[in-house]
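Asks: Please find the sequence and the predicted model below.
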Amino acid sequence: MNHSYNGTGAAFSVYAGGLILGMTLVGVPASSALLKQLHGFSDAQYGAIYLPQLLSAIVGGVAGGMLTNVLGAKRLLTIALLCLFVAQFALAASVTLSPEHALSALMITTGCIGLGIGLGSGPLNAYPVALFPAVSNTALTALHTIVGVGMMLAPIYLSTFAQHDNWLLGVLLLSAATLIVLLTALLADFPHISASEAATGATEVRPARHSLFWICAAIAVIYSVAEGIFSNWAMLFIQEERGLDAATASLALTCFWGALTGGRLLASFIVIRLPPLTFLLALPPLMAAAFFLLPLADSAAGTIGAFAFAGFACSAYFPMLVAYAAGAFPQQVAWIASMMITAQMVGIGLGTYVIGLIKGTASITSLYYAATTLPAATLILIAIGRHLAAGNPLRLIKASSARLS
């Protein structure tokens, strides 16, 4: 870094971009009841909205490393921000279109969200470390916390505008803010990030050649199906099956993301003394308990509390899973994080789509009970992964997840 380097614009772009990413990711599920009512979407159509996110996240995640070599991390970050801007614009446009065209616009929205996450995850994980090398762990933890804050704010933000019949204005203001961040990123002076730092697997040890990595990726998909059931169907469950108002539903979803974010921040301190495996064994029973509690909640306060508990149960699981996988491949942390985020998007998209298909014959309440098998499946795969690691020279080490959570 030379003496004239000024990272203020770069830091603003990265951290504001993280906030925008979190809010955009939750924008569609936070608006699900409004969109479904406005356009008369069936449950299957609503679930299908998330399929493009699944596919584009895979494309973006896989292509991220190669594009970093060609375009550089800064251009990749700006492309990711552009994808989020297009997603918000398509979301806003959906309310002015006929149901058929609105469905296409929403698929463009989720497709751009998946692509933005897939392309942007590498630069977003690498830049805090490059910008603040003396406090790299804290800088990266702060970024992921800000992303969580964005997910927590989105339901309340959009609900507030919707209650005043100005939901469209809320989305347009978010897109205007994204455009400001995008222009700032284009003009800012960023530190150099090598392809290996941003997202690449080009070293002597390639995680993709080891079954342990693929087991962890499968766990990420299964966990994310569970998270998607909690988050993407929350508004519809609370309003349609519980008969509660939109404000209560928005507050419950906000509490889910708030508890998830707070739990991850707390875990970043606890993991100094406890290995990631402890969280991977302790949290699935809590997720199963949350699936049982949600159908039993019969009041607004109980429902909000149950979603907050579900958020806490999910909180540290994904970052600790990334840390667990990265422990065997310490030189490939960024690449593993990028691929695991891709797996997460696959799980969320696939789970929401499948639930949309079967919801016509089963209530969300009954699906919650069936979903208790998902946390159990993660425990079985963890046991298989530990067995493979015990007989593999790439044995898992105790990984510090402070820079991942």
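Replies: Received it, and whenever you're ready, just let me know what you need. Numbers count the residues shown, from 1 in each chain.
Asks: rest of the way, CA atoms for contacts and neighbours
Replies: Will do.
Asks: which residues touch Ile146?
Replies: Going by CA atoms under 8 Å, 6 or more residues apart in numbering, Ile146 touches Tyr15, Gly18, Leu19, Gly22.
Asks: how about the helix or strand where it lies: buried residues?
Replies: Assigning secondary structure by DSSP states H and E places Ile146 in helix 136-163. Across helix 136-163, burial judged by 16 or more other CA atoms under 10 Å covers 136-160, 162.
Asks: for stretch 350-364, same thing?
Replies: Quick answer for stretch 350-364 (16+ other CA under 10 Å): Leu350, Gly351, Thr352, Tyr353, Val354, Ile355, Gly356, Leu357, Lys359, Ile364.
Asks: any idea how far the fifth one lies from Ala316?
Replies: The one in question is Val354. 25 Å (CA to CA, to the nearest Å).
Asks: What of the second one?
Replies: Counting by CA to CA, the gap from Gly351 to Ala316 is 20 Å.
Asks: so for the helix ranked longest in the chain, what's the average pLDDT?
Replies: In the chain, assigned by DSSP state H, the helix with the most residues is helix 99-131. Helix 99-131 carries an average pLDDT of 89.
Asks: from what I can see Val95 touches Gln37, true?
Replies: No: contact criterion CA atoms under 8 Å: Val95 and Gln37 do not qualify, at 11.0 Å.
Asks: For Thr96, the count of nearby residues, please.
Replies: Using other CA atoms under 10 Å, Thr96 is surrounded by 11 other residues.
Asks: wait, what's in contact with it?
Replies: With contact set as CA under 8 Å, 6+ apart, Thr96 has these partners: Ala102.
Asks: Select from the buried residues of stretch 350-364 every entry located in strands.
Replies: Among these, no member falls in strands (DSSP state E).
Asks: Just give me the closest of these to Trp167.
Replies: Nearest to Trp167 out of those is Thr352 (CA to CA; 23.5 Å).
Asks: Using the three-state scheme, assign the closest residue to the closest one other than its chain neighbours.
Replies: Excluding its sequence neighbours, the residue lying closest to Thr352 (CA to CA, 6 or more residues apart in numbering) is Gly47, at 5.1 Å. Secondary structure, DSSP: H, G, I helix; E, B strand; the rest coil: Gly47 is helix.
Asks: burial count for Gly47?
Replies: 23.
Asks: correct me, but Ile79 touches Gly116?
Replies: Yes: with contact defined as CA under 8 Å, Ile79 reaches Gly116; the gap is 7.4 Å.
Asks: Same drill for the two, tell me which one is more crowded.
Replies: Gly116 (30 against 18).
Asks: on that earlier part again, who has more neighbours, Val95 and Gln37?
Replies: More crowded of Val95 and Gln37, by other CA under 10 Å: Val95, with 20 against 10.
Asks: confidence score at the more buried one?
Replies: Looking at Val95, its pLDDT is 91.
Asks: Please apply the same query to Ile364.
Replies: 83.
Asks: cool, Glu204 as well?
Replies: Predicted confidence (pLDDT) for Glu204: 51.
Asks: Phi, psi for Leu293 please.
Replies: The phi/psi pair for Leu293 (degrees, to the nearest 10) reads phi -70, psi -40.
Asks: what helix or strand does the closest residue to it other than its chain neighbours sit in?
Replies: Spatial nearest neighbour of Leu293, chain neighbours left out: Ala306 (6.3 Å); criterion: CA to CA, 6+ apart. Element membership for Ala306 (DSSP H and E) is helix 300-314.
Asks: next SSE after that helix?
Replies: Remark: after helix 300-314, the chain's next helix or strand is helix 317-326, criterion DSSP H and E.
Asks: Could you check the angle that next one makes with helix 136-163?
Replies: Orientation check (axes from the mean of the first three to the mean of the last three CA atoms, to 10 degrees): helix 317-326 against helix 136-163 gives 150 degrees.
Asks: can you offset everything so residue one is 278?
Replies: Got it, the first residue is 278 from now on, which makes the last one we talked about helix 594-603.
Asks: And helix 594-603, what does it pack against?
Replies: Judged by 3 or more CA pairs under 8 Å, 6 or more residues apart in numbering; DSSP states H and E, helix 594-603 is in contact with helix 488-509, helix 553-573, helix 610-635.
Asks: Mean pLDDT and distance to Gly338 added to those, as a markdown table?
Replies: Converted to a markdown table, the helices and strands packed on helix 594-603 look like this (pLDDT from 0 to 100; distance: least, CA to CA, whole Å):
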| stretch | mean pLDDT | distance to Gly338 |
| --- | --- | --- |
| helix 488-509 | 90 | 13 |
| helix 553-573 | 94 | 24 |
| helix 610-635 | 80 | 6 |
